[in-house]
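S.K.: kindly generate the corresponding structure for this input.
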Amino acid sequence: MPDKVLLTGISGFVAKHVAIELLNSGFEVLGTVRNKNSIEQTKKTLEENNVSTEKLSFVELDLLKDEGWNEAAKGCKYIIHVASPFPFKVSNDRESLTPAAKDGTLRVLNAGINAGVEHFVKTSSIVCMFRKPNRTNPYTFGENDWTDVEWNKTTDYFVSKTRAEKAAWDLMESKGLENNLTCINPGFVLGDFLNEKSCTSMEYIKQLLQGKFPAAPKFSVMISHVKDIARAHVLSLANKRAGGRRLIVGSEVRSILELSKIMAENLPSHAKKLPKKELPNFMVKLLSYIDTSAKNLVPDLGLTMQTDQTYAEEILQMKFLPSETAVIDAAKSVVRLKLA
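M.R.: Numbering: from 1, shown residues only. Predicted coordinates for the structure are as follows:
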């Protein structure tokens, strides 16, 4: 009998790649969806990527409701919790995403604890680590750093991800089970989008390729290939060294202008539309009042981030893919899907 994994939010960008990695590794997968209408599309996408869906089943569950989670966790050896809201626009209510992210995480973990699940892997983010006031430039962050959720420049997505990850560790520590949890903390996730289902990463690449950015904000972030993230989740399941750790998964830190240059070199058909210069910081701040998606960038404009993720490569015994590969795969999939 193959080991069974409960995978939350299976129709999402990262979770589809995790599902591919799990199924190709021989696991039985029970994927959760918020709406059963996404089941057929998800199954079709996996099959189009030469993945056998024989050991795949689905269940409709809501992170905001208790119903069904205990039943879904029964018989599962592992839980991979990927589902979490990440809208493109930013809300003025900094706590707007917290219920689904934090309460949803606690629902999933409690259901797994009740069912005797052996190990939990949660998709977190470096956004839980690097946003706080009075940073040096360049700013170095690592596994022991936390975003300051009380800082008024910390936006809704950053608040929700940080509160959710902190709540996960608090719960597991209170039960003496912190070594049964691993958090995967990627940066800006890129790679093959697999199908047309929109996500925030896709929106940024799509808008760059469509010429929506006449100039690029002075914003830099660590790039993470979605295939590395998927592998990291699966390799953490039975890896004792990954227990109780926050694993930073990604490669180089790149600016938006550098992403544009990589795309222009590899997709000459779209080169003219891609930004070739940087936008002054004050312009981005002004734009953020009109386009709230820019609000996520404002506190980190002009900041050079630094982190060392080699410890995660060593624990997982894998080498992370270069940022160029992630950017090229993302851009080419957007063009292949005729979205730009």
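S.K.: hey, which helix or strand in this structure has the poorest pLDDT?
M.R.: helix 281-290 (a mean of 76; mean pLDDT, DSSP states H and E).
S.K.: in this protein, which helix is the longest?
M.R.: Longest helix of the chain, by residue count under DSSP state H: helix 156-174.
S.K.: let me know the next secondary structure element after it.
M.R.: Using DSSP states H and E, the next helix or strand after helix 156-174 towards the C-terminus is strand 181-186.
S.K.: which SSE is immediately downstream of that following strand?
M.R.: Scanning forward in sequence from strand 181-186 by DSSP H and E, the next helix or strand is strand 188-190.
S.K.: could you point out which element follows that following strand?
M.R.: helix 200-209.
S.K.: contacting residues around whichever helix or strand comes after that next one?
M.R.: Downstream of helix 200-209, the next assigned helix or strand under DSSP H and E is strand 216-217. By Cβ atoms under 8 Å, 6 or more residues apart in numbering, the residues outside strand 216-217 that reach it are 255-257, 260, 275, 277-279, 281, 284, 294, 297, 301. Quick note: C-beta positions are derived from backbone N, CA and C, even for glycine.
S.K.: now those in CSV, with distance to residue 7?
M.R.: Converted to CSV, the contacts of strand 216-217 look like this (distance: Cβ to Cβ, whole Å):
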residue, distance to residue 7
255, 33
256, 31
257, 36
260, 34
275, 37
277, 42
278, 39
279, 39
281, 40
284, 37
294, 33
297, 31
301, 36
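S.K.: of these, which is the nearest to residue 183?
M.R.: Checking the contacts of strand 216-217 against residue 183 with Cβ to Cβ, the nearest one is residue 297 at 23.9 Å.
S.K.: could you measure from the closest residue to residue 95 other than its chain neighbours over to residue 253?
M.R.: Excluding the flanking residues, the one nearest residue 95 by Cβ to Cβ, 6 or more residues apart in numbering is residue 159, at 6.4 Å. Residue 159 sits 23 Å away from residue 253, going by Cβ to Cβ, to the nearest Å.
S.K.: for these two, indicate the residue with more neighbours.
M.R.: More crowded of residue 159 and residue 253, by other Cβ atoms under 10 Å: residue 159, with 26 against 18.
S.K.: CA atoms of stretch 199-219 as CSV?
M.R.: As requested, C-alpha coordinates have been extracted for stretch 199-219 and formatted as CSV (Å, rounded to 0.1, in the frame of the first residue of the first chain):
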residue,chain,number,x,y,z
CYS,A,199,-2.3,33.3,-10.0
THR,A,200,-0.4,36.3,-8.8
SER,A,201,3.0,35.1,-10.1
MET,A,202,1.4,34.6,-13.5
GLU,A,203,-0.2,38.1,-13.4
TYR,A,204,3.1,39.9,-12.9
ILE,A,205,4.8,37.9,-15.8
LYS,A,206,1.8,38.4,-18.0
GLN,A,207,1.7,42.2,-17.4
LEU,A,208,5.4,42.5,-18.1
LEU,A,209,5.1,40.6,-21.4
GLN,A,210,2.0,42.6,-22.3
GLY,A,211,3.8,45.9,-21.9
LYS,A,212,1.8,47.1,-18.9
PHE,A,213,5.1,48.2,-17.2
PRO,A,214,6.7,51.0,-19.2
ALA,A,215,9.5,51.0,-16.6
ALA,A,216,10.3,48.6,-13.8
PRO,A,217,10.0,49.4,-10.0
LYS,A,218,13.4,49.2,-8.2
PHE,A,219,12.3,46.0,-6.5
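S.K.: any buried residues in it, and which?
M.R.: Neighbour counts over stretch 199-219 (16 or more other Cβ atoms under 10 Å) mark 200-206, 208-209, 213, 215-219 as buried.
S.K.: what do you get for stretch 269-278?
M.R.: Within stretch 269-278, the residues that count as buried by 16+ other Cβ under 10 Å are 270, 273-275, 278.
S.K.: okay, the residues you listed in JSON lines with pLDDT next?
M.R.: Listed next are those as JSON lines, based on pLDDT from 0 to 100:
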{"residue": "270", "pLDDT": "95"}
{"residue": "273", "pLDDT": "94"}
{"residue": "274", "pLDDT": "94"}
{"residue": "275", "pLDDT": "91"}
{"residue": "278", "pLDDT": "91"}
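S.K.: okay, and which of those map to strands?
M.R.: Those of the buried residues of stretch 269-278 mapping onto strands are residue 278, per DSSP state E.
S.K.: returning to what we had before: residue 135: which of the contacts of strand 216-217 is nearest?
M.R.: residue 301 (12.2 Å).
S.K.: where's that closest one relative to residue 204, distance?
M.R.: 16 Å.
S.K.: repeat for residue 304
M.R.: Distance of residue 304 to residue 204, given as Cβ to Cβ: 20 Å.
S.K.: rewinding a little: just flag the most distant two among the buried residues of stretch 199-219.
M.R.: 202 and 218 (22.7 Å).
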